[in-house]
Structure formats: structure tokens, C-alpha cells
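> Kindly generate the corresponding structure for this input.
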Amino acid sequence: MTFPKLHIDTVGSTGQKIVLLHGWGVNSAVFEPLKTALTEYRVHYVDLPGFGHSPHIDGTIDDWVAALAAQLPQAAIWLGWSLGGLLATKMAIDYPNQVSGLITVASSPCFMARHDEQPQPWPGISPQVLSQFSEQLHNNLPKTIERFLAIQAMGSDTAKSDIQQLKSLLLAKPLADKQSLQQGLSILTEVDLRNQLQHIQQPWLRIWGRLDGLVPKRLPDMLIKGDNVSDILLHNASHAPFISHSDLFITQLEQWIKSISR
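Predicted coordinates for the structure are as follows:
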């Protein structure tokens, strides 16, 4: 199957290959704080389908992941933030040869709360919140995205400046189209990869923010463990730790990359 060409900004010509996938409502410009720190690697900054400069791609998470697999290199470390983490996780499961290491940042294998699950309800985003975002998309697109940015920064000591930085980075490229934003919300609402996590054999770093309002701090204890899995909880961070605590985030990230590259 042939997919439209995604916008991928590749920086660096040598070193370990790294793919960065952003979250819902934004684009790859949000990773600007990481660019100067990752110069020794060959980094692919991806605009997801319909976000930033990338064209829209119809379909489900399977179609988005297939498009990514077709246009990105083999044996790369995939780092995904929030929605991007869900896509990177799916990549590691479905295309293991392309993923030599997996990094998920403030991301869940199942974002929507499942309050009726027994014996332990699954924590996550309230279905009502996701439904409200879906409805608001059609009324006021910029305001809906701005509200989502505010939720992402909520809890951080530097929430106000975090929101401003996220917003300025977001506006460096075109806003996502409504259809792609709706697709992204559908992925966040419907996709549940929990029963497939045992297939991930690659080294896997999971970075969490203790103050995250979208991905609860108790989630790491509810997920699969293994010798290949490392969890890092940033105590003063919220949903965007690479913005609010960029130095600490970069230090932890580089230490882990070097540890699996020995």
C-alpha cells in the first residue's frame, strides 16, 4: 500500500538513529528543546498524519503505523510522547525489526479510563473529557487545542510558561486539520494495547511525570514489568517533562540510550 509522504525533518548524518513522535494537537516542533542535546545522533522529527506539514491519512492506528513503518529507517530507537507513545508502542509490537529500542513519555497503552473493570478499574482520561474535546473541535478548533495544552501543563510548577512554550512551538507550523484531530481522539479513545505489551522484547524506557493530569502516576505499577523495562518517574513534572524539566529529561534520556548502545 502506498501512503502520502509524511513530513520528516532529519537532523544529523551519523550515530544512532532516533525517531521522535509528538502528541495530539501539536507537531514535531514541540521537540525543539531536544535538538541541541541530540546532535550526536541521526534524529527523525516526524509530523504525524494531518499534523504540521504532513498530509492527512485515512484509517485507523494500523494505517498510521504502516505509513510510519514505510517511511522511516530500520533499527531505530523510537521515542513517542503521549499519543506518539501509543504509536511507537504499536510500532514495536507490529514492526519489531524497525524498533531497536522504545521510549514512551507520559504515555499509556490505554488512555481512556475503564471505570467498570474488575477487580481494579483502569485509570486514565475520563470518557466525558474525550467526548467534550471531540464536540468542541467542530466549534472552535484553536480554543480546543489551547485547552488541551493547558491540561498537559496542569500540575507543573512552571505551568504558565510551559503552556506558552508549547503554544509558541505549536504555531511554528500549520495547525492540524479537524479530520486528523478527530482521528487522533478516536485512537486515544479506542486503542487498548495492554494485552499486547508482552510482545515487546526491545529495551523499553518509560518516563512519567508524577503530576501528570492525563496519565495517572499509579499507572507504572499496573503495567507489565521485565528485565527489558526501565521506569523513570520525574517527581515535579507533569505531562510534558521535556518542556518543563528539559535538562533532567535529557540527562535521563542520554544515559539510557548509552546504556543500551554499549
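> Please make it C-alpha for all contacts and neighbour counts, starting now.
OK.
> Roughly how far does Gly59 sit from Leu20?
Using C-alpha to C-alpha, to the nearest Å, we find Gly59 at a distance of 21 Å from Leu20.
> between those two, who's got more neighbours?
Leu20 (21 against 10; other C-alpha atoms under 10 Å).
> Note down every partner strand of the helix or strand where that one lies and its orientation.
Element membership for Leu20, per DSSP states H and E: strand 17-21. The strands beside strand 17-21 in its sheet (DSSP bridges) come out as strand 42-46 (parallel), strand 76-81 (parallel).
> outside of it, which residues touch it?
28, 31, 41-48, 72-73, 75-81, 84-85, 87-88 (C-alpha atoms under 8 Å, 6 or more residues apart in numbering).
> Could you do stretch 92-105 as well?
The contact list for stretch 92-105 (C-alpha under 8 Å, 6+ apart) reads 69, 73-82, 85-86, 88-89, 91, 196-197, 199-200, 202-208.
> repeat for stretch 53-72
3-7, 19, 47-50, 87, 90-91, 95, 98, 173-174, 177, 179-180, 183, 187, 191.
> Now do the helices in this protein.
32-35, 61-71, 83-94, 127-137, 141-153, 159-170, 178-190, 219-222, 241-244, 246-261 (DSSP state H).
> is it possible to export those helices to CSV including mean neighbour count and mean pLDDT?
As requested, these are exported to CSV (neighbours: other C-alpha atoms under 10 Å; pLDDT from 0 to 100):
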stretch, mean neighbour count, mean pLDDT
helix 32-35, 14, 92
helix 61-71, 17, 98
helix 83-94, 24, 98
helix 127-137, 14, 87
helix 141-153, 18, 86
helix 159-170, 18, 90
helix 178-190, 19, 95
helix 219-222, 13, 94
helix 241-244, 23, 94
helix 246-261, 14, 94
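> what about these, which gets the closest to Asn228?
Among these, the nearest to Asn228 by C-alpha to C-alpha is helix 246-261 (9.9 Å).
> Buried only: go through the contacts of stretch 92-105 for me.
Among the contacts of stretch 92-105, those classed as buried by 16 or more other C-alpha atoms under 10 Å are 69, 73, 76-82, 85-86, 88-89, 91, 197, 200, 202-208.
> what's the average pLDDT for stretch 192-210?
Mean per-residue pLDDT for stretch 192-210: 97.
> what is the mean pLDDT for the strand holding Leu20?
On average, strand 17-21 scores 97.
> Next, the angle helix 83-94 makes with that strand.
130 degrees (axes from the mean of the first three to the mean of the last three C-alpha atoms, to 10 degrees).
> what angle separates strand 17-21 from helix 246-261?
Computed with the same axes, to 10 degrees, the direction of strand 17-21 lies at 140 degrees from that of helix 246-261.
> next one: strand 17-21 to chain centre, how far?
11 Å (C-alpha atoms, centre = their mean, to the nearest Å).
> circling back to that earlier point, tell me which of the strands paired with strand 17-21 sits nearest to Val229.
Once those are compared by C-alpha to C-alpha, strand 76-81 is nearest, at 14.2 Å.
> got a list of what the spatially most central residue of the chain touches?
Closest residue to the average C-alpha location of the chain: Trp81 at 2.1 Å, with C-alpha atoms, centre = their mean. Neighbour list for Trp81: Leu21, His22, Gly23, Thr104, Val105, Ala106, Ser107 [criterion: C-alpha under 8 Å, 6+ apart].
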